[in-house]
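Enquirer: pasting a predicted model and its sequence here:
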Amino acid sequence: MEKKEKDQETKKVFVLRKRAEGKLKSDVIPIEKLSDREVRKQAHELQVHQIELEMQNDELREAQLLIEESRQKYLDLFDFAPVGYFTVSEKGLILEANLTGAAMLRTTRSLLAKEPISKFIVSEDQDKYYLYRRNIFDGKQTRACELKMVRKDGTVFHVQLECTVLHDAGEGSRQCRTLLTDITERKFAESKVDAAHEEIKKYKENLEAIFKSIRDGIILVDRELQIVEFNESARKICGLPGINEARGKKFNLVHKYCEGECIDALMETKNTKLPAERNRFECFNIKRYRCLVSVITYPLLGNNNKFNGCVVVVRDETRLAVLESTLQERHQFRNIIGKNEELQKIFSLIEMLSDTPTTVLITGENGTGKRLVAEALHYHNKGAENVPFVVVSCSSLSDSVLESELFGHVKGSFTGAISDRMGRFQKAEGGTIFLDEIGDISNTMQLRLLRVLEERVFEKVGDSNTIKANVRVIAATNQDLRKKVSEGKFREDLYHRLKVVELKIPPLRERYEDIPLLVEHFIQKLNTRLNKNIKSVSTNVQIIFMHHKWPGNVRELYNTMEYAFITCDNTVITIENLPSEFEDTRARDRRRVETGNVIDRQQIVQALEKAGWNKSKAARLLGIHRVTIYKMMKKFFIKE
């Protein structure tokens, strides 16, 4: 090997000498014509030049060695770089590849030569690669491209491909220096991160859905008690502004309507790092209505038990408190007073019917409170204060007047119709029309009313234009409409249209247990109205009231109480203050009081309930001796 290299070196020297002799000038003075001195001088210069050449040759050899070392280092860097380097022709053929690139494709450099690089790109990314390469050659794209490639053994891996165009490749052709970076691990990590983000996003969405949908108010504050987040329920219950406006502000500055209970609970939790609770205190909601709420605060603790904030859970218990009160015993529903079982069922039906436009028929004797039930049906509905409640007394009007009252008329439709007039159905638009004593209307009016109920339209008297009736109809009667239907005095189809739901109010004689409640209610009402200070009714009056048949029902009781108020100069109403029609009852009940003869079991139970099951008080209410009430309880098997 060394001999071969030496021969090659000798050959190079010979060739170089020949080239030098060829350049020798023809007019050079022959050496034999030179003097000895000149010869010696030339010989000296030649020796110096020879030494200079040898020194230059040594420097060149050193430079060549350095160049070779650098080239070898470059080749090592090129071959063993952590990325794959490929030189690709303009036609897409691999011209050169480093060892890393060949290893990346699980093949050798010799087998890669002249192979199209697209051969190693998965089919689904081929178009993406061609578009990228074309943009590179057109100078439109400089960013890297991510692709999936396939190795010779069939395994797929992810790469980042980055190309640079080489314009001086020779022979007018262009080449592309292609850099491949294996990003399979990065892609795998990214997919795991994406999956984790998706999972987190899903959990976040679920938590947000729970956070927004839960009926309890949830408020999150930081260690400085500044608002971080709250849900819509908290905004409504606590009367807070929008979250964007409130975020970052002190809770006590934002919660304007709080009376301090929430702040006390927050401060307690901050100081003790323990949950705090405040039960059923009054607060104002977003509509400035007073409501009953309970609050629980939970601390958010970090490392070393450091206080980082607090979660406040606010529960509106207004409705629950009302329901609890109702379950214990509801003695009043709006302006209707009573604890009678049948009346309680009517209260429940009113609650169910108040939010529906269902037609309701209210039946009951005169004075039982049919109009109060109609008002409760209307005003118990949310927003009813803003819609009309129109009352029509059907029995007090003639046919022609009633027709005009209900449907209205146009000018000139009859004698005296000097201008257009709006009827009660139009006035009740969007609200409720209460038709009292519906059983007294004529057949003609029954027919017209039937059309309104069936088609929800009507015409004014003297007009052919049809008007829509968006009105809820509530009717009332003291008559037996079923009997009138069988007698042919009331249309059966109208009866069934009216009687979608029937509320039958019991007479007062069937609800004696309500008389003490009504008496107390009327005392309060009449004291205010008549500017009196009456405290109660006497025991004897109570007994008389409990035994009276009350043919005029609640209205008669109210009128009796009003008469007694006017005639009473004391703080207790006595028998002497009752109207004259109670004279016989007074005498009869005096005898009952004297003999201790109480009529029935129900009367004793009512007296005991009113007295809180105190036997002495119950006996005084009934006007009998305490021993007598014990005997009666034993007789009627009455137990507390």
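Expert: Structure's in. What do you need?
Enquirer: in the sheet, which residues pair with the closest residue to Gly139 other than its chain neighbours? Tell me.
Expert: Nearest residue to Gly139 in three dimensions, chain neighbours excluded: Val165, at 7.8 Å (CB to CB, 6 or more residues apart in numbering). C-beta coordinates here come from the backbone N, C-alpha and C atoms, glycine included. Beta bridges link Val165 to Cys176 when assigned by DSSP bridges.
Enquirer: isn't Val165 right up against Thr178?
Expert: No: Val165 lies out of contact with Thr178 (CB atoms under 8 Å); the separation is 10.4 Å.
Enquirer: of these two, give the one with the bigger neighbour count.
Expert: Between Val165 and Thr178, counted using other CB atoms under 10 Å, the more crowded position is Thr178 (20 against 15).
Enquirer: give the contact list for the residue nearest to Gly139.
Expert: By CB atoms under 8 Å, 6 or more residues apart in numbering, the contact list for Val165 reads Ile136, Phe137, Gly139, Arg174, Gln175, Cys176, Arg177.
Enquirer: that one and Thr87: what is the separation?
Expert: 11 Å (CB to CB, to the nearest Å).
Enquirer: what residues does the closest residue to Gln126 other than its chain neighbours make contact with?
Expert: Distance criterion CB to CB, 6+ apart; nearest residue to Gln126, sequence neighbours excluded, is Ser118 at 6.1 Å. Residues in contact with Ser118 (CB under 8 Å, 6+ apart) are Gly92, Gln126, Tyr129, Tyr130.
Enquirer: which of the residues you listed has the most neighbours?
Expert: Tyr129 (19 neighbours).
Enquirer: count the neighbours of the residue lying closest to that one once chain neighbours are set aside for me.
Expert: Spatial nearest neighbour of Tyr129, excluding adjacent residues (CB to CB, 6+ apart): Ile121 at 5.1 Å. Per other CB under 10 Å, the neighbour tally for Ile121 reads 20.
Enquirer: can you get me a residue count around Ser393?
Expert: Around Ser393 there are 14 residues (other CB under 10 Å).
Enquirer: distance of it relative to Leu402?
Expert: 9 Å.
Enquirer: ok so, going back, common neighbours of Val165 and Thr87, please.
Expert: Looking at what touches both Val165 and Thr87 (by CB under 8 Å, 6+ apart), the common residues are Gln175, Cys176, Arg177.
Enquirer: give the contact list for the first one.
Expert: Contact partners of Gln175, counting by CB under 8 Å, 6+ apart, are Thr87, Val88, Ser89, Glu90, Leu95, Val165, Leu166, Ala169.
Enquirer: next, give phi and psi for the third one.
Expert: The reference is to Ser89. phi -70, psi 170 (degrees, to the nearest 10).
Enquirer: just checking, it touches Thr178?
Expert: No: applying CB under 8 Å, one finds Ser89 not in contact with Thr178, separated by 10.8 Å.
Enquirer: give me the number of residues near Asp58?
Expert: 10.
Enquirer: give the other helices and strands that the host helix or strand of it contacts.
Expert: Counting by DSSP states H and E, the element that carries Asp58 is helix 36-80. Packing partners of helix 36-80 (3 or more CB pairs under 8 Å, 6 or more residues apart in numbering; DSSP states H and E): helix 99-104.
Enquirer: and the helix or strand following the helix it packs on, which residues are buried?
Expert: Sequence-wise, the next helix or strand downstream of helix 99-104 (DSSP H and E) is helix 109-112. Residues of helix 109-112 classed as buried by neighbour count (16 or more other CB atoms under 10 Å): Leu112.
Enquirer: one step back: quick one: mean pLDDT over the helix holding Asp58.
Expert: When pLDDT is averaged over helix 36-80, the result is 78.
Enquirer: return the distance of it from the chain's centre.
Expert: Remark: helix 36-80 is offset 88 Å from the chain centroid, using CA atoms, centre = their mean, to the nearest Å.
Enquirer: what's the neighbour count on the closest residue in space to Glu385 that isn't next to it in sequence?
Expert: Spatial nearest neighbour of Glu385, excluding adjacent residues (CB to CB, 6+ apart): Tyr379 at 7.2 Å. The number of residues packed near Tyr379 is 15, by other CB under 10 Å.
Enquirer: and what of Val541?
Expert: Residues within reach of Val541, counting by other CB under 10 Å, total 24.
Enquirer: so it is in contact with Ile575, correct?
Expert: Yes: in this structure, Val541 is within contact of Ile575 by CB under 8 Å, at 6.0 Å.
Enquirer: hmm, back to that, Gln64: which of the contacts of Ser118 is nearest?
Expert: Distance ranking of those against Gln64, using CB to CB, places Gly92 first at 37.3 Å.
Enquirer: ok, and the closest non-adjacent residue to that closest one?
Expert: Excluding its sequence neighbours, the residue lying closest to Gly92 (CB to CB, 6+ apart) is Pro116, at 5.0 Å.
Enquirer: ok, that neighbour - contacts?
Expert: Contacts of Pro116 (CB under 8 Å, 6+ apart): Lys91, Gly92, Leu93, Ile94.
Enquirer: now the residues you listed as JSON lines including pLDDT?
Expert: Formatted as JSON lines, the contacts of Pro116 follow (pLDDT from 0 to 100):
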{"residue": "Lys91", "pLDDT": "87"}
{"residue": "Gly92", "pLDDT": "88"}
{"residue": "Leu93", "pLDDT": "91"}
{"residue": "Ile94", "pLDDT": "91"}
